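Novice: output the structure for:
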Amino acid sequence: MRWITLGVLAVAIWAVIAWFEVLELIEWTSMDYIGRSAPSGVVGLIVLAGLTALLVALFGELGEKEPAPESWPPE
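Specialist: Below you'll find the predicted structure:
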């Protein structure tokens, strides 16, 4: 379980670093849809933000103990 937590944390850190790199590389004056243009960069930022949100949710679920499966047969 600890390796999964460290893996999720490493991917989240990578996603945040990549987000800032994409933000820095966007050519805001270019409106083409290919390359480092604003529309392509904004889509990339949205995808990386969504990935980071999913990783935060996964990280939160890894620490939860409930809901645990109930014992069978019931006592």
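
Novice: and the helix or strand hosting Phe59, what does it pack onto?
Specialist: Secondary structure from DSSP states H and E places Phe59 in helix 38-62. Counting contacts by 3 or more C-beta pairs under 8 Å, 6 or more residues apart in numbering; DSSP states H and E, helix 38-62 packs against helix 2-25. The C-beta positions use only the backbone N, C-alpha and C, and glycine is treated the same way.

Novice: buried set for the helix holding Phe59?
Specialist: Using 16 or more other C-beta atoms under 10 Å as the test for burial, helix 38-62 gives Ser40, Gly41, Gly44, Leu45, Leu48, Leu51, Thr52, Leu55.

Novice: can I get the residues you listed in a markdown table with distance to Pro73 and pLDDT?
Specialist: Formatted as a markdown table, the buried residues of helix 38-62 follow (distance: C-beta to C-beta, whole Å; pLDDT from 0 to 100):
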| residue | distance to Pro73 | pLDDT |
| --- | --- | --- |
| Ser40 | 58 | 87 |
| Gly41 | 57 | 89 |
| Gly44 | 52 | 91 |
| Leu45 | 52 | 94 |
| Leu48 | 48 | 94 |
| Leu51 | 42 | 94 |
| Thr52 | 43 | 92 |
| Leu55 | 38 | 89 |
